[in-house]
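[1] give me a 3D structure for the following:
(chains A, B, C, D, E, F, G and H, ligands or ions: 10)
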Amino acid sequence: MNENAQAVFNRPQLFGEAVTHYCPGCAHGIIHRMVAEVLEELGIEGRTVGIAPVGCAVLIYNYIQTDFIEALHGRAPAFATGLKRVSPDLIVFTYQGDGDLASIGTNEIIHAANRGEKFTTIFVNNAIYGMTGGQMAPTTMPGQITATSPHGRNVKECGYPIRIAELLSSLRTPAYIERVAVYNPQNIVRAKRAIRKAFQYQIEGRCFSLVEVLSTCPTNWGMTPQESLKWQETTMLPYYPLGCFKTPEGEVKE
Amino acid sequence: MNENAQAVFNRPQLFGEAVTHYCPGCAHGIIHRMVAEVLEELGIEGRTVGIAPVGCAVLIYNYIQTDFIEALHGRAPAFATGLKRVSPDLIVFTYQGDGDLASIGTNEIIHAANRGEKFTTIFVNNAIYGMTGGQMAPTTMPGQITATSPHGRNVKECGYPIRIAELLSSLRTPAYIERVAVYNPQNIVRAKRAIRKAFQYQIEGRCFSLVEVLSTCPTNWGMTPQESLKWQETTMLPYYPLGCFKTPEGEVKE
Amino acid sequence: MPGVIIDKGYCKGCELCVKSCPQQILSMSKEITNRGYFSAQLHDPSRCIGCRICALVCPDGAITVVSHGQRYELYDY
Amino acid sequence: MPGVIIDKGYCKGCELCVKSCPQQILSMSKEITNRGYFSAQLHDPSRCIGCRICALVCPDGAITVVSHGQRYELYDY
Amino acid sequence: MSRILMKGNEAIAEAAIRAGAVYYFAYPITPQSEVGEYMSRRLPEVGGVFVQAESEVAVGNMLMGAVASGKRAFTSSSSPGISLMQEAISTMAAARLPVVLINIMRGGPGIGGILPSQADYFQSTKGGGHGDYRVLVLAPSTLQESVDLTMLAFHLADKYCNPTMVVADGMIGQMMEPVQFPEDYKEEPLPPKDWATTGCRGRAPRIIKSLFLDPAMLETNNVMLAEKYKLMKQNEVRFEAYKINPQNRILLVAYGTMARICQTVIDELAEENISIGLLRPITLFPFPGKEIFAEAVKPNIKAVLTVEMSMGQMVEDVEAAVQGRKPVEFYGRTGGIVPTPEEVRDYILKILAKKTPAVKSWKG
Amino acid sequence: MSRILMKGNEAIAEAAIRAGAVYYFAYPITPQSEVGEYMSRRLPEVGGVFVQAESEVAVGNMLMGAVASGKRAFTSSSSPGISLMQEAISTMAAARLPVVLINIMRGGPGIGGILPSQADYFQSTKGGGHGDYRVLVLAPSTLQESVDLTMLAFHLADKYCNPTMVVADGMIGQMMEPVQFPEDYKEEPLPPKDWATTGCRGRAPRIIKSLFLDPAMLETNNVMLAEKYKLMKQNEVRFEAYKINPQNRILLVAYGTMARICQTVIDELAEENISIGLLRPITLFPFPGKEIFAEAVKPNIKAVLTVEMSMGQMVEDVEAAVQGRKPVEFYGRTGGIVPTPEEVRDYILKILAKKTPAVKSWKG
Amino acid sequence: MSQYEVTFAGFGGQGVMVAGQLLSYSGIAEDKNVLWIPSYGPEMRGGTAYCTVVISDKRIGSPIINNPQAVCIFNPPSYEKFIPRVKAGGVAIVNSSLITLETDRTDITEIRIPANELAIASGNAKAVNIAMLGAFIGASGVVAYETVKKVLEGKLGKKKNVLEINMRVLEQSCKLAAESVRKGKRL
Amino acid sequence: MSQYEVTFAGFGGQGVMVAGQLLSYSGIAEDKNVLWIPSYGPEMRGGTAYCTVVISDKRIGSPIINNPQAVCIFNPPSYEKFIPRVKAGGVAIVNSSLITLETDRTDITEIRIPANELAIASGNAKAVNIAMLGAFIGASGVVAYETVKKVLEGKLGKKKNVLEINMRVLEQSCKLAAESVRKGKRL
Ligand SMILES: Cc1ncc(C[n+]2csc(CCOP(=O)(O)OP(=O)(O)O)c2C)c(N)n1
Ligand SMILES: Cc1ncc(C[n+]2csc(CCOP(=O)(O)OP(=O)(O)O)c2C)c(N)n1
Ligand code: SF4
Ligand code: SF4
Ligand code: SF4
Ligand code: SF4
Ligand code: SF4
Ligand code: SF4
Ligand SMILES: [Mg+2]
Ligand SMILES: [Mg+2]
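    Ligands and ions are numbered 1, 2, ... in the order given. Have a look, this model is predicted:
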């Protein structure tokens, strides 16, 4: 670096040195970075405990340098509930995939949200089971070909994809819930703002907060990273509209 | 009975002789009767298999004279899915309490509804765990005193009651979902109509159908049967609005 | 004339029928059934209009409504 | 003048930076990294406007954007 | 120290609080729902937290989150509920999380019934979950012991960083006896919880996990766990010898409520000059196999009789312990039916009346 | 009959279809996800149904609903997934539902790893769920046997109206061998499914349940189950004796992939004139304990060596079987590490080199 | 007495469980070993409820008491169920307000107390269980009358009104029972 | 030969697994016992992949093959990992297009085949694995060249074009390897 050069964008310090195990172009990496940046910017990394999912992000603790607990598949919200209830001064967040959160763990996330547990969930929706090799998820798009829907998801047999942000927002308990995407820089910037907001609500002890991030799985989608982002925009977006679905303020006004 | 007298209201034939084990005035009895009447009226009792819950209604098979399978706590929708998928000509219904369906079994009901499993659920919401002696349920009203909320349900700690009809209706997959009550004869009549409709949708192979019936638990509410019906009307109704939340027709139009 | 038959074997004395009869012709008897409940009884049969409300609300299928001839239908059940 | 530094140790050659640079000054090098990937490279440093888009989209934190003096901020990240 | 009349479920709940476990996560189930009901009244008074979870699956996982930051937390449930926690229990063992679980056993299998049972012996001692792991299992037979062992459970869980279970039949949960709580409860010093996830300010991040993708690491974890179980076997075997002496003609082995019934039988038979001894396992894992062997081989012992409220589970461990040196007999009832003193007595007399039974060549 | 090269997971899937089990309910998990992937291609061709469930908990319960109407249905999963089914498995046993489960075991406990393991022996044979019940457990060691035992599993499940499990380590799921499917598959006649809930037109309603509030009824159910397990012990013990003869100096006991490795060792040592025999349990429950005892007591046998991909689970059953008559040794590796022929060979030679080891007075 | 067992049995709602607990507290107050065992099971709602109390100088073994020395029977169904179970030579306190049934057994002492009437007369119809308890201690002397009084005071001290009524019922029934025993009625 | 073991190792995407499967099919076609074992484990994505094939006249025992008689090495990392494992007297087929590494071992036969070049020259850059397979059978003779041809025909019969190219590559590399063995190169 040139002498009086100034870094205007750095790999966040909170990232260790490790190269991630993610496939090239997988958006998990982008989302990890945003979480790390937010924790750093808010200065809460020293009192944060993350809950890792079972899914491709299971090794997140190798990348974000905070305390971590590895949850069982789908149960991160239960872990977070236990931890946050006994240690309310900690900042607790879960990072969950769509198989994890929207399939096996639906009960745990709904009830954590409904009890208004004061932790933050980063929900990474890539419309597939990445880690186990690309099986259909509840969030898989109609017609999408996966290892267990070789002729494309048949909505007559498997129903329509579950929209978690909408589903959780229909609960009465106050919460902050927003859906964001990462298919271009504008959206990455918006996504990070949402993540920051989610943590801020927790810092203020306000409510449960969840950010659904539309992600990608180039490997199991059988696309290049670039095509994956395009597919996210053109195929996922119409079904998974972006935006803020719920804020505690909104609820208070109600 | 007088010679040329004609019975204009009979105990349904489908009811056996057994006196139920329910507490005096418990609305489970009313709801059982309506289900039995509907099965009889539709002439489907010979090809119907009921799935009994774990809850006060666990012994429903002693009262309604059709084939029955006793499910594990919360898992009736999974049993029904298995049964209906392998024997699609059967008429399959589950009968579940609020602890069963809205707490331990939330995942199973959401995913069965979301896959559009073609069975019928009678969901009996009495805002409490009846069978185990009156603990708080996810559907317990704010401030309601139960064995595990001795000072009344505190929404700051336990969140607001879950509205299952609304929650399930927010899913995209077509379904028939209606909430009814039994606090007076008018509503009992409406409830029965909804139950009949739910089975009709199944007979036509149309969609998943669920009727949420607001019920009572005089014993654990600590009220007389009459007071219980009053409380259902005055306390539950404002929070649990009655009506049809979703029909497959509506969805088709969408 | 309509009328109701209450099967004491089923009645648990919850009083729901008593409270909802529009003619107020049902009441609780003082007799204890063999299950230990006071059962409901029809104390003024002549005024029964056969509306079936009592049977509709009975949680125990204890009530049969009979009629020969005219009766009032408040509900199409 | 702004510029970017790409850490080949992290780069997995996903090309997302290449595809999103508004100046189109990134490209894939022909060299294989020690992890077996072709890495990205900056082929026309003089035209870099320091907008940070490449770093924003990089899933592997491989890009540092530096500047001394003026640069364009397309996003307030 | 005053003696308070308490229901077993409530005594256990209070004992946990006295041991500093003021975080309780549970889901209602008969015959132990009183624990939660008691907790919902008591915990707010002591600044604790009771979360009524959405399911037992959630409970198992909430507990891991709760103890991860170093606090004492526990649950209580009954048989089917414990079955739903098996994935979590396996993981607690793998990740070394000192969770305490109370199982007030009821009749099984399946939904079964709500009456007392001891049919979860296998589940708790062999590991109902997957993989190589062990749970420390304590089995009280009186309410005072329920109090003492519950408090001990938290200590042992912390000492070994291992899930620890108190198993009692529904009878113990439901009956009342006077109990005393220690006034100045002090524990042996424990290792610092230098693994707890409390936020990493000023230190390196800590990770609590059970996934080891590198098989060598996973094996290392398993070997370390095995060492721990060996230590437990060395240090934590607990049992009671009741009227054990060289005159004993039968060695009874029974635990929990069943052991009390056996004591009554022994007392009665003693009056008829029939000498019977009872070895009552207090820890079901580690199991007092060596001690049973030592008693069983004594010359006067004609047979070892295991009595359980099950179709015969602990009896397999007794057989393994006795190693064919004496006949091992079994008497059990199930489904909520508890063998009465009369039944046990009759069975004993039947054994004594038998022509000296040969040690069977194979137990079949 | 042509030999087809297939992956173990796919061979098992096809075998189930050939046995008429065209209803498959499952949740993805490594190392058996290929079963579901295969099924999602094949079942539509044969008019079957594959429901990818929301979780393993749901799977266990869907299966009960599916087999209740008399159809053959099954699932496959791996260790943590099987742990989540324990409440359901206990209930299948209680309600006599002939469900077939395939467990392609991976390293545990907890999330563990995805490499092969045999550490779910306890869970499958002792009952990971609550209450007195048993699962019939079959353990193939080749892919052909995986096919045969999978087909047999459906037969035995129907014969005994009992949950039946095929357990194989991840290696068997992942490797390929040529397999043959019987062309005219015929089964022994089975009792009619006169308990199936198919709609009660023309007959009395049927109820499938596991709750018995009356303790006498619950006990009756347990006694009836116990009789069934006794029958299984009489009729269904299966094992393979490999090079067992009076010259054997060591009796090896191993199952699944581990047994194949032992066979290689036996062949190698035979060339050096060291005679070793292998008793390979094919049914883990019922366990061939009597047969092991009979071999172990033969005069030339110096010791019994159990080899497992675990920290030692089946070895407890072997010890119980041998009843202290010969020393029982154990060798095992875990976490996905499979003991190599060399390691097993070395361990055998070490035992043979030992000064005649006394039978320990207590195994400790 | 080294160990004494008594079963209280009646309808749910008759205060059967509480009667047993009051006796248990009294046993503790006299520094004895005590065990209270409820009927806990699939009794139908509205069915019978019962509990057994064991009071002993020694360690108490079995909690399975099939044949107690005494029973306190509040209602007819319990009469049929429990009279046959009383140990030979034992005592049965029978609520004659509700029970007209008779037994063939001649090896037990039956003491009939109009418990409902006593309670209603006292002004607290709910005191049936106190009446039965009083009769039991009057007949058995397992714990001292004074001890039970003290326990009642401790439990109800704040509700002076209720306490007084209960005390009166206790005393009356205790005396009634003691007298019957002295008179050797229906021995 | 009673049992022969060979490991194929390379990058994911080089067709390593398929090469092993083709060899397995050939073994079956010759009525032998066959076992194909994949590397299945926590390999990093983009890392190495390998499989081992066992061909035998007898029942095949252990699927744990740490020291195969032969290895077919597609890329440099695999060279480092597997060359040390070959049994003394064994054979290593090495893809010289990518591998320049050398070994100290003198107890194995190393045969270098420019597999990538052969494939590219044939018009199908993906045929690297066929080139390696051809070389292996040329060098080992474990299965007959004709058998492998038949298997390829069976698998690719419908894609005439691809089949032809593959056949050509197979033949070339088989010959190349057979020659090297005859010449005793680098023995
Ligand atoms: C109880 C249990 N069931 C199944 C699995 C296998 N499994 C691991 S990750 C995963 C799903 C991963 O998908 P997702 O949550 O969408 O995360 P992604 O990999 O796509 O980021 C599954 C099914 C497991 N580890 N545990
Ligand atoms: C796995 C499991 N957990 C808990 C229980 C105990 N249990 C039985 S019924 C019930 C809840 C009943 O409440 P609800 O479903 O609302 O039915 P209700 O009795 O109110 O009609 C519970 C928690 C059980 N049987 N199984
Ligand atoms: S499998 Fe999919 S989700 Fe997982 S790291 Fe690769 S691209 Fe990302
Ligand atoms: S406990 Fe409640 S829900 Fe159950 S039968 Fe009684 S009144 Fe009905
Ligand atoms: S039928 Fe109508 S009028 Fe007659 S008793 Fe019943 S409610 Fe009253
Ligand atoms: S409603 Fe039915 S049960 Fe209730 S009092 Fe009337 S007749 Fe009896
Ligand atoms: S900072 Fe902007 S202009 Fe410069 S290389 Fe990156 S994307 Fe291109
Ligand atoms: S975005 Fe990052 S990883 Fe991808 S090519 Fe560019 S520098 Fe490499
Ligand atoms: Mg995903
Ligand atoms: Mg309820």
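[2] residue closest to the middle of chain C?
    Nearest to the mean C-alpha position of chain C, by Cα atoms, centre = their mean, lies C:Cys54 at 4.8 Å.
[3] would you verify that it is located in a helix?
    Yes. Under DSSP: H, G, I helix; E, B strand; the rest coil, C:Cys54 falls within a helix.
[4] please name the nearest non-neighbouring residue to whichever residue of the stretch 51-200 of chain A sits closest to ligand 6.
    When Cβ to the nearest ligand atom is the measure, the stretch 51-200 of chain A has its nearest residue to ligand 6 at A:Arg172, with 34.4 Å between them. C-beta coordinates here come from the backbone N, C-alpha and C atoms, glycine included. The shortest distance from A:Arg172 to any non-neighbouring residue, by Cβ to Cβ, 6 or more residues apart in numbering or on different chains, is to B:Tyr160 (3.8 Å).
[5] I figured the one you found hits A:Ala175, correct?
    No. Counting by Cβ atoms under 8 Å, B:Tyr160 stays clear of A:Ala175, with 10.8 Å between them.
[6] quick one: which of the two has more around it?
    When B:Tyr160 and A:Ala175 are compared on other Cβ atoms under 10 Å in any protein chain shown, the one with more neighbours turns out to be A:Ala175, at 28 against 20.
[7] hey, what's the more buried one bridged with?
    When bridges are called by DSSP bridges, A:Ala175 pairs up with A:Phe208.
[8] how near is it to A:Tyr201?
    9 Å (Cβ to Cβ, to the nearest Å).
[9] quick one: common contacting residues for those two?
    Jointly contacting A:Ala175 and A:Tyr201 under the rule Cβ atoms under 8 Å, 6 or more residues apart in numbering or on different chains are A:Cys207, A:Ser209, A:Pro248.
[10] just checking, the first one touches A:Tyr201?
    So that's A:Cys207. Yes. If you go by Cβ under 8 Å, A:Cys207 and A:Tyr201 touch, sitting 5.6 Å apart.
[11] where along chain G do the strands fall?
    In chain G, the segments counted as strands under DSSP state E are G:3-11, G:33-38, G:48-56, G:70-73, G:91-95, G:109-113.
[12] direction included, what does the fifth one pair against?
    Looking back up the chat, that one is strand G:91-95. Checking strand G:91-95 against DSSP bridges gives partners strand G:70-73 (parallel), strand G:109-113 (parallel).
[13] count the neighbours of the residue nearest to E:Ser33 when sequence neighbours are not counted for me.
    Nearest non-adjacent residue to E:Ser33, counting by Cβ to Cβ, 6+ apart: B:Thr132, 5.2 Å away. Counted with other Cβ under 10 Å, residues neighbouring B:Thr132 total 24.
[14] then A:Lys84?
    The number of residues packed near A:Lys84 is 26, by other Cβ under 10 Å.
[15] can you check the pLDDT for it?
    On pLDDT, A:Lys84 comes in at 98.
[16] same deal with E:Gly128?
    On the pLDDT scale, E:Gly128 is placed at 95.
[17] make CSV out of the shared contacts of A:Ala175 and A:Tyr201 and add pLDDT, neighbour count and distance to ligand 7.
    CSV is the format used below for those (pLDDT from 0 to 100; neighbours: other Cβ atoms under 10 Å in any protein chain shown; distance: Cβ to the nearest ligand atom, whole Å):
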residue, pLDDT, neighbour count, distance to ligand 7
A:Cys207, 98, 24, 37
A:Ser209, 98, 27, 31
A:Pro248, 96, 18, 37
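[18] thinking again about what came up before, intersection of neighbour lists for A:Cys207 and A:Tyr201?
    What both A:Cys207 and A:Tyr201 touch, as defined by Cβ under 8 Å, 6+ apart, is the set A:Tyr176, A:Pro248.
[19] is ligand 5 within reach of the helix or strand bottoming out on mean pLDDT in chain C?
    Lowest on mean pLDDT, DSSP states H and E among the helices and strands of chain C sits strand C:26-32, with a mean of 89. Yes. Remark: strand C:26-32 sits within contact range of ligand 5 at C:Leu26, by Cβ under 6 Å from any ligand atom.
[20] ok, the very next helix or strand once past that strand: who's next to it in the sheet?
    Of the helices and strands lying after strand C:26-32 in sequence (DSSP states H and E), the nearest is strand C:38-42. Strand C:38-42 pairs in its sheet with strand C:26-32 (antiparallel), by DSSP bridges.
[21] does the strand it pairs with reach ligand 6?
    No. Using Cβ under 6 Å from any ligand atom, strand C:26-32 never reaches ligand 6; the gap is at least 6.9 Å.
[22] pull out the buried positions in that strand.
    C:Leu26, C:Ser27, C:Met28, C:Ser29 (16 or more other Cβ atoms under 10 Å in any protein chain shown).
[23] closest one to ligand 2 out of those residues, please.
    Nearest to ligand 2, judged by Cβ to the nearest ligand atom, of these is C:Met28 at 26.3 Å.
[24] pull the number of nearby residues for G:Ile108.
    G:Ile108 is surrounded by 20 other residues when neighbours are defined as other Cβ under 10 Å.
[25] and A:Leu72, by the same measure?
    28.
[26] state the distance from it to F:Ile208.
    A:Leu72 sits at a distance of 31 Å from F:Ile208 (criterion: Cβ to Cβ).
[27] any figure for the gap between E:Gln86 and E:Gly127?
    From E:Gln86 across to E:Gly127, the span is 8 Å (Cβ to Cβ).
[28] shared neighbours of these two, which are they?
    With Cβ under 8 Å, 6+ apart as the test, E:Gln86 and E:Gly127 both reach F:Gln123, F:Gly128.
[29] spell out which parts of chain C neighbour ligand 5.
    Proximity of chain C to ligand 5 (Cβ under 6 Å from any ligand atom) is limited to residues C:4, C:21-23, C:25-26, C:42, C:48-54, C:65.
[30] check contacts around whatever residue of chain C ends up closest to ligand 2.
    Closest contact between chain C and ligand 2, by Cβ to the nearest ligand atom, is at C:Pro59 (13.1 Å). For C:Pro59, the contacting residues are B:20, B:22, B:24-30, B:33, B:225, C:12, C:14, C:16, by Cβ under 8 Å, 6+ apart.
[31] turn those into CSV, including secondary structure and pLDDT.
    Written out in CSV, the entries for the contacts of C:Pro59 read as follows (DSSP: H, G, I helix; E, B strand; the rest coil; pLDDT from 0 to 100):
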residue, secondary structure, pLDDT
B:Thr20, coil, 95
B:Tyr22, coil, 95
B:Pro24, coil, 95
B:Gly25, coil, 97
B:Cys26, coil, 97
B:Ala27, coil, 98
B:His28, helix, 98
B:Gly29, helix, 98
B:Ile30, helix, 98
B:Arg33, helix, 98
B:Pro225, helix, 97
C:Lys12, coil, 94
C:Cys14, coil, 97
C:Leu16, helix, 98
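[32] just the element for the residue of chain C found nearest ligand 3, please.
    When distances are taken as Cβ to the nearest ligand atom, chain C reaches nearest to ligand 3 at C:Pro59, 53.9 Å away. Assigned by DSSP H and E, C:Pro59 belongs to no helix or strand.
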